[in-house]
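1. curious how this folds, go ahead:
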Amino acid sequence: MPTWTIISPCEKDYDHPMHMNIFRVMKTVYRMSDASNEPSAVDEGKHIATLGYAMSQEKPGSPDLSSVVIHFRLCTQSVTQFVVTTRPMQFVDMARNICIPIPPCKLTVSAMADIDEFVFATSTSFRGLNNPVEECDVARRIWQQVQAKRYHRRLLQQEVIGDIIDIACYRTRSPRCSICDSNLIYCNGCQVASCESDNCPGSSEPPLARCGRHQKEVLCFPCLEERGCTAELEKCPECKSWCCTRDMSSCNGHPIDIQLIPGLPGSKSVLPKLIVAYAKSARVHSPKRGCCMECELPGWRSCNSTLCWSKTICPECASGGVACLCQEVWACDLCAEHSPELFIRCPRCDRPFCCSCSYIDECQECHRAHLCYDCAEEESDVDDGVMMELPKFVASCGSCQAKVCDRCVSHSAFSCAGCLQRLCSSCRMSLCDNCQELSASDDEESGTGGDTGADLDV
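-> The predicted structure follows:
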C-alpha cells in the first residue's frame, strides 16, 4: 500500500497539500476518543499521521481506488492508535478494538472528501518518485489543478455571471480566471483557489487573505481560523489590510527592575550586559500587537537603540522616553539611561543631545562633553570646578570634524593617506575633505580612481 507521512515532528514539513485536511480529521478523531491529546495547532508536533491507499483491478483498463486509510498515533507511541477509513467514514480505536462512525460534521466531511479526491487524482502520478520534496511538489501541482477545476465549476453554478464564463478554462483546468483571465491564487494551507484580482466577482469564491507585501503568502479564512495565533497572516487594525505576522509591529512589554549597569571609564558600551538584563527581566505586559509597516498608531514609538528590548514600543511603555532637543532622536527610558552612545549630556544643565546634534561637542576619544551652546553663553555663571573638567578641543577629524581634546590628541590616530591630516576611527578608510575634493577633480580629468586608504599615525 503506497503511503505518505503527512504530519510528523521527526520529518521536515514539505507543505503537503493534505496537511490541513489530515489535521482536521485528526482533531475530530482525538476529540471523540482521546480528548486530552487533541491537537491544538497544526504544527504542535505531538502526533504522527500517515495517508495510504489501495487499488483494485476488477475490470480491464485503469485500476480502481479501493480504499483510503489514515493512521494516527502520538509521537511517543510505536504502534498505531487510530485507523481512519473514508469509505465508510469511520475509525478504529486500536487499543479498545472498537469501530466508531465519524459524525457528519461539515468541515470533517469536506476534509475527507478532499482526501479521497486527492488520492484518486494522484494515485498514478508518484511512480518512480522516492524523494519527499519531489512528491510534495508533484502533489501540490496536481491538487492545484483539481482546485482550479473546482473554482471554474463554482463560477459556472452562479447564474449571474454564467454567460461570461470561459468554458475552455473549465475543461482544461486552466490556472487563469474564467471571468477576467487573471491568475488564480491558492491557499498555502488547503490549496483552495480564487481569482487574484480584487475587482473580479470570482475573487470572493472563496475569500482569501493575501499579504500586500508578499504576494505568495495566502490563506483562506477557514485555515486562518484553525491556525489561530500561529497564523502567518494578520489584519492590520489601522488600515484593515492583511499582512504577514512578521511585518506587524509589536511591543514586548517594558522590562521591570533593570538596575543601572556602569560602563568602563572612557567607554560607551555596556550593551552586552544590558541585552542579558533585558532577556532575564519580567515584563509589564505580554507582547502587544501594533500595526503593519505602512501604518502608524498614535503614541507608538521606535527607540533609536538597535538593541532595545522592543523594536516598537506602545504608548504605555513609551512614557518616560528621552528625546534630543532637535527632536530627531528618541530613546526609551532604559536605553537612554544605560546606552551612553545614544546621547551627549551637557555637564551643566544635563539636557540630552544626540551625537549628530550641532548644539554640543564631545571628545571623540574620551567622550567628555563641553557645555551646550546655551550654557556656553552663560559661562561666567558656571562653577570653576565644572570649568576645570571641561575638555579643551585642540584637533578634529579631517573628514567628519569630530573633536579631540588636549588630553587625547597625543593618542595613536589614523591619518589621511593624501596629506597625513588626522582622521577618527570611523573615517579611517576615507581621505580628508580637502583630499577628497582634489581626488574627485583629478578623477574627472583622468577618468581613473584614486587611493582612498588611511595610514595609522602613531
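2. okay, now the unreliable bits of the stretch 351-458 of the chain?
-> 412, 429, 442-458 (pLDDT under 70).
3. in it, which spans are helices?
-> 373-376, 384-389, 433-446 (DSSP state H, counting those that start in this stretch).
4. now the shortest one: buried residues?
-> Going back to what we said before, that points to helix 373-376. Residues 375-376 are the ones in helix 373-376 that count as buried (16 or more other CB atoms under 10 Å). Yep, even glycine has a C-beta here, placed from its N, CA and C like the rest.
5. for that helix, which outside residues touch it?
-> 346, 348-349, 359-360, 370, 382 (CB atoms under 8 Å, 6 or more residues apart in numbering).
6. now these in CSV, with neighbour count and distance to residue 211?
-> Listed next are those as CSV, based on neighbours: other CB atoms under 10 Å; distance: CB to CB, whole Å:
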residue, neighbour count, distance to residue 211
346, 19, 47
348, 21, 52
349, 11, 48
359, 16, 43
360, 25, 44
370, 21, 50
382, 15, 57
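7. most distant residue from the centre of this structure?
-> Most distant from the centre of the chain: residue 380, at 55.5 Å, with distances by CA atoms, centre = their mean.
8. how near is that residue to residue 339?
-> Separation of residue 380 from residue 339 (CB to CB, to the nearest Å) stands at 34 Å.
9. what residues are up against the residue nearest to residue 180 when sequence neighbours are not counted?
-> With sequence-adjacent residues excluded and distances taken as CB to CB, 6 or more residues apart in numbering, residue 180 is closest to residue 200, at 4.4 Å. By CB under 8 Å, 6+ apart, the contact set of residue 200 is 177, 179-180, 182.
10. state the pLDDT value of residue 200.
-> Note for residue 200: predicted pLDDT of 84.
11. same question for residue 254.
-> 94.
12. re earlier: can you pick the most crowded of the contacts of residue 200?
-> Highest neighbour count within those, by other CB atoms under 10 Å: residue 177, with 28 neighbours.
13. report the buried residues of stretch 40-56.
-> Residues 42, 47-51, 53, 55 are the ones in stretch 40-56 that count as buried (16+ other CB under 10 Å).
14. which members of those residues occur in strands, if any?
-> 47-51, 53, 55 (DSSP state E).
15. could I get these as JSON lines with pLDDT and distance to residue 232?
-> Below are these laid out as JSON lines (pLDDT from 0 to 100; distance: CB to CB, whole Å):
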{"residue": "47", "pLDDT": "94", "distance to residue 232": "21"}
{"residue": "48", "pLDDT": "94", "distance to residue 232": "23"}
{"residue": "49", "pLDDT": "94", "distance to residue 232": "21"}
{"residue": "50", "pLDDT": "93", "distance to residue 232": "25"}
{"residue": "51", "pLDDT": "92", "distance to residue 232": "24"}
{"residue": "53", "pLDDT": "87", "distance to residue 232": "30"}
{"residue": "55", "pLDDT": "75", "distance to residue 232": "36"}
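16. with respect to residue 4, which of the residues you listed is nearest?
-> Set against residue 4, the nearest of those by CB to CB is residue 51 (5.0 Å).
17. just confirm the closest one contacts residue 4, I think it does.
-> Yes. At 5.0 Å, residue 51 counts as touching residue 4 under the criterion of CB atoms under 8 Å.
18. between the two, which contacts overlap?
-> Residues touching both residue 51 and residue 4 by CB under 8 Å, 6+ apart: residue 18.
19. any idea how far residue 311 is from residue 431?
-> 36 Å.
20. these two: who's more crowded?
-> Legend: neighbour count by other CB under 10 Å for residue 311 and residue 431, higher for residue 431 (25 against 13).
21. pretty sure the more buried one is in contact with residue 417, am I right?
-> Yes. Judged on CB under 8 Å, residue 431 makes contact with residue 417 at a distance of 6.5 Å.
22. adding distance to residue 237, write the buried residues of stretch 40-56 out as a markdown table.
-> Listed next are the buried residues of stretch 40-56 as a markdown table, based on distance: CB to CB, whole Å:
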| residue | distance to residue 237 |
| --- | --- |
| 42 | 25 |
| 47 | 34 |
| 48 | 38 |
| 49 | 36 |
| 50 | 41 |
| 51 | 39 |
| 53 | 45 |
| 55 | 51 |
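23. among those, which one sits closest to residue 143?
-> Distance to residue 143, by CB to CB, is smallest for residue 51 among the buried residues of stretch 40-56, at 12.8 Å.
24. picking that back up, make a markdown table out of the contacts of helix 373-376 and add distance to residue 24.
-> Output for the contacts of helix 373-376, formatted as a markdown table (distance: CB to CB, whole Å):
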| residue | distance to residue 24 |
| --- | --- |
| 346 | 65 |
| 348 | 69 |
| 349 | 66 |
| 359 | 63 |
| 360 | 64 |
| 370 | 69 |
| 382 | 75 |
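25. quick one: which two of these are the most distant?
-> Largest pairwise distance in the contacts of helix 373-376, by CB to CB, is 16.5 Å, between 359 and 382.
26. can you confirm residue 181 is in a strand?
-> No. If the criterion is DSSP: H, G, I helix; E, B strand; the rest coil, then residue 181 is coil and not within a strand.
27. what are the phi and psi values for it?
-> phi 70, psi 10 (degrees, to the nearest 10).
28. what separation is there between it and residue 432?
-> Distance of residue 181 to residue 432, computed by CB to CB: 62 Å.
29. the two: who's more crowded?
-> Per other CB under 10 Å, whichever of residue 181 and residue 432 has more neighbours is residue 432, with 23 against 13.
30. so that one sits against residue 417, correct?
-> No. The criterion here is CB under 8 Å, and residue 432 misses it with residue 417 at 9.3 Å.
31. now do the SS call for residue 99.
-> strand.
32. let me see the contact set for it.
-> 90-92.
33. from those residues, pick the one nearest residue 107.
-> Nearest to residue 107 out of the contacts of residue 99 is residue 91 (CB to CB; 16.1 Å).
34. identify the residue nearest the closest one in space, chain neighbours excluded?
-> Per CB to CB, 6+ apart, closest to residue 91 is residue 84, 4.2 Å.
35. before we move on, what about residue 290?
-> Nearest-residue entry for residue 290: residue 249, 3.3 Å, with adjacent residues in sequence omitted and distances by CB to CB, 6+ apart.
36. how about the contacts made by the one you found?
-> If you count contacts by CB under 8 Å, 6+ apart, then residue 249 has 289-293, 297, 300, 311-312 around it.
37. what does residue 151 give?
-> Counting by CB under 8 Å, 6+ apart, the residues that residue 151 touches are 177-178, 184, 193-195, 202, 205.
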